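**Student:** using only what follows, build the 3D model:
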Amino acid sequence: MKKISLTAWILIALVAGILFGAVLPGPARQMAILGSIFLRLIKSIIAPLLFGTLVVGIAGTGSVKTMGRIGGKAILYFEIVTTIALFVGLGAVNLVQPGVGVQLQKGATGGLATTSTSISQILEHTFPTSIIKSMADGEVLQIVVFTFLFGMACAVLGAKAKPVVAFCEALSEIMFKYTGYVMYVAPFGVFGAMASVVGEKGLGVLVNLGKLVLTLYAAELFFVVFVFGTVITVLRIPLKRFIHYVREPFLIAFSTASSEAALPIALENMERFGVPKHIVAFVLPTGYSFNLDGSTLYLSLAAVFVAQAAGVHLSFSTQLVMLLTLMLTSKGVAGVPRASLVILAGTLATFNLPIEGVAVILGVDTLMDMARTSVNLLGNCLATAVVARWEGVDLSVPPAEIAA
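**Tutor:** Residues are numbered from 1 along each chain as shown. Just a heads-up that it's a prediction; the model follows:
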């Protein structure tokens, strides 16, 4: 009998969680503990895994110039794709107009901050004051910045740094093995997360504000098929193999609505796909702050949705200014709970739109978060392949262990 894959178990757990939540909502609410345990285990992986893989990757290149070139290409790609995502969201919400006829609910904003973050604050927050504190707080971008500089120092020192690099190589291998053990818990975590959401909100969460949800899903699907599809075709990235290696992290991101939950297995799978370690270890975690394709698409769609629901007409020029604002303020917020809603609330306040619009969206935000988070993850996996192809790596040839 063929062994059931992890992907299949996650899908089974996803469906079982929805059914359990619908049939037994009381006990289902208690299942949230399973999702919490899984996420806590995942968070314990991220800091040591990023540190180990990135140090080994950078030290292995032995070239500061090479990593600078890779970083420049990654940032350029991030900005182009996220800008396209903003315009796709804007086009979808203006075409469908899901906010027309929606009555804004006065009152709560979900306790979200309504002030926007300045560029100087974002830049300052990028640099760590203590790597230990950054690791404890799960600040992915700060960990990347510290580890990048640490790895550069190892590369420059050469032979003197070999013991440290060897330790980091052993650490990364251990953490990949550790990730494999944690992945056994993934189906239970997915089951608990879905059961608790459906048990608490009911199946109504799947249909309430359906026009908005369907608009978002259609826009995200359009973006994946046409934008990502074009990138894959132009750069000749092998589609079937790419899908094979991203499906598990994609499903984990979708079902848990957490990019962090999918990061360890995404790092491992993209390396197995054929992307060099130093590219995967740098581009993938950096993309968590600078390449949030699904979230930026959602933000432009949701902001105009609130304006439509409030009966406020936004001129095309105002919408363009809003896009520019979102492009800047959506950076550096990975890992913040309900980060997209925080940014949305700040944007609404900036453009004098009713903050109560956030309360309307909160009812179905979990469902929309699943879409935007999984597209974020997919976009970052693709970004590693794009930079690899840009660096001349032939991804059409499977790695030796796969061929064997």
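**Student:** so which strand or helix has Ile343?
**Tutor:** helix 339-350 (DSSP states H and E).
**Student:** which helices and strands does that helix pack with?
**Tutor:** Counting contacts by 3 or more CB pairs under 8 Å, 6 or more residues apart in numbering; DSSP states H and E, helix 339-350 is packed against helix 293-309, helix 316-329, helix 356-362, helix 365-390. Bear in mind the C-beta positions are built from the backbone N, C-alpha and C, glycine included.
**Student:** what's the second one packed up against?
**Tutor:** With contacts defined as 3+ CB pairs under 8 Å, 6+ apart, the packing partners of helix 316-329 are helix 64-96, helix 119-126, helix 293-309, helix 339-350.
**Student:** tell me which residues of it come out buried.
**Tutor:** Gln319, Met322, Leu323, Thr325, Leu326, Met327, Thr329 (16 or more other CB atoms under 10 Å).
**Student:** what angle separates it from helix 339-350?
**Tutor:** Helix 316-329 and helix 339-350 are oriented at 140 degrees to each other (axes from the mean of the first three to the mean of the last three CA atoms, to 10 degrees).
**Student:** can I get helix 316-329 in CSV, CA atoms only?
**Tutor:** Written as CSV, here are the backbone C-alpha positions of helix 316-329 (Å, rounded to 0.1, in the frame of the first residue of the first chain):
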residue,chain,number,x,y,z
PHE,A,316,-8.1,57.6,-9.8
SER,A,317,-5.3,59.9,-8.8
THR,A,318,-6.2,59.4,-5.1
GLN,A,319,-6.2,55.7,-5.6
LEU,A,320,-2.7,55.9,-7.1
VAL,A,321,-1.5,57.9,-4.1
MET,A,322,-3.0,55.3,-1.8
LEU,A,323,-1.1,52.6,-3.8
LEU,A,324,2.1,54.5,-3.2
THR,A,325,1.4,54.7,0.5
LEU,A,326,0.6,51.0,0.7
MET,A,327,3.7,50.2,-1.2
LEU,A,328,5.8,51.9,1.5
THR,A,329,3.9,51.0,4.6
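**Student:** which residues does that helix contact?
**Tutor:** Residues outside helix 316-329 that contact it (CB atoms under 8 Å, 6 or more residues apart in numbering): 82-83, 86-87, 90, 116-117, 119, 122, 296, 299-300, 303-304, 314, 343, 346-347, 350-351.
**Student:** just stretch 59-79 next, same as before
**Tutor:** 58, 148, 151-152, 154-156, 158, 161, 165, 168, 277-279, 282-283, 286-287, 290-291, 383, 386-387, 390-391.
**Student:** restricted to helices, list these.
**Tutor:** With helices taken from DSSP state H, the overlap with these comprises 58, 148, 151-152, 154-156, 165, 168, 277-279, 282-283, 286-287, 290, 383, 386-387, 390.
**Student:** residues near Leu239, how many?
**Tutor:** 11 (other CB atoms under 10 Å).
**Student:** buried ones among the contacts of helix 316-329?
**Tutor:** 82, 86-87, 90, 116-117, 122, 296, 299-300, 303-304, 314, 343, 346-347, 350-351.
**Student:** circling back to that earlier point, now which of the ones in helices among the contacts of stretch 59-79 would you call buried?
**Tutor:** 58, 148, 151-152, 154-155, 165, 168, 277-279, 282-283, 286-287, 290, 383, 386-387, 390.
**Student:** distance check, Val164 against Ile58.
**Tutor:** Distance of Val164 to Ile58, computed by CB to CB, to the nearest Å: 12 Å.
**Student:** give me the common contacts of the two.
**Tutor:** With CB under 8 Å, 6+ apart as the test, Val164 and Ile58 both reach Cys154.
**Student:** Gly26 contacts Gly199, doesn't it?
**Tutor:** Yes. Counting by CB atoms under 8 Å, Gly26 does reach Gly199; the two are 7.1 Å apart.
**Student:** ok, these two, which is more surrounded?
**Tutor:** Gly199 (23 against 7).
**Student:** what's His313 sitting at in phi/psi?
**Tutor:** phi -90, psi 130 (degrees, to the nearest 10).
**Student:** for Glu268, give me its contacts.
**Tutor:** Phe176, Thr179.
**Student:** run the chain-centre distance for the strand or helix carrying it.
**Tutor:** Element membership for Glu268 (DSSP H and E) is helix 259-273. Helix 259-273 sits 11 Å away from the centroid of its parent chain (CA atoms, centre = their mean, to the nearest Å).
**Student:** just the mean pLDDT for that helix, thanks.
**Tutor:** Across helix 259-273, pLDDT averages out at 87.
**Student:** ok, now stretch 15-23?
**Tutor:** Rounded mean pLDDT across stretch 15-23 is 86.
**Student:** mind listing residues that contact it?
**Tutor:** 27-28, 31, 190-200, 202-203.
**Student:** buried set for that stretch?
**Tutor:** Gly17, Ile18, Phe20, Gly21.
**Student:** in these, find the pair that's most separated.
**Tutor:** Ile18 and Phe20 (7.4 Å; CB to CB).
**Student:** Thr83 - nearest residue in space that isn't next to it in sequence?
**Tutor:** Residue nearest to Thr83 in three dimensions, not counting chain neighbours: Met327, with 6.5 Å by CB to CB, 6 or more residues apart in numbering.
**Student:** how close does that neighbour get to Ser36?
**Tutor:** Distance from Met327 to Ser36, by CB to CB: 33 Å.
**Student:** what's the answer for Phe188, then?
**Tutor:** For Phe188, the distance to Ser36 - CB to CB - is 11 Å.
**Student:** circling back: make TSV from the buried residues of helix 316-329 and add distance to Pro249 and pLDDT to it.
**Tutor:** Compiled in TSV, the buried residues of helix 316-329 are given as follows (distance: CB to CB, whole Å; pLDDT from 0 to 100):
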residue	distance to Pro249	pLDDT
Gln319	33	84
Met322	31	81
Leu323	29	81
Thr325	31	74
Leu326	26	76
Met327	26	73
Thr329	27	63
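**Student:** Ser44: which of the residues you listed is nearest?
**Tutor:** Among the buried residues of helix 316-329, and counting by CB to CB, the member closest to Ser44 is Thr329, at 30.0 Å.
**Student:** returning to what we had before: out of the buried residues of stretch 15-23, list just those in helices.
**Tutor:** Per DSSP H, the buried residues of stretch 15-23 map to helices at Gly17, Ile18, Phe20, Gly21.
**Student:** can I get the residues you listed in CSV with distance to Phe228?
**Tutor:** CSV is the format used below for these (distance: CB to CB, whole Å):
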residue, distance to Phe228
Gly17, 28
Ile18, 27
Phe20, 33
Gly21, 31
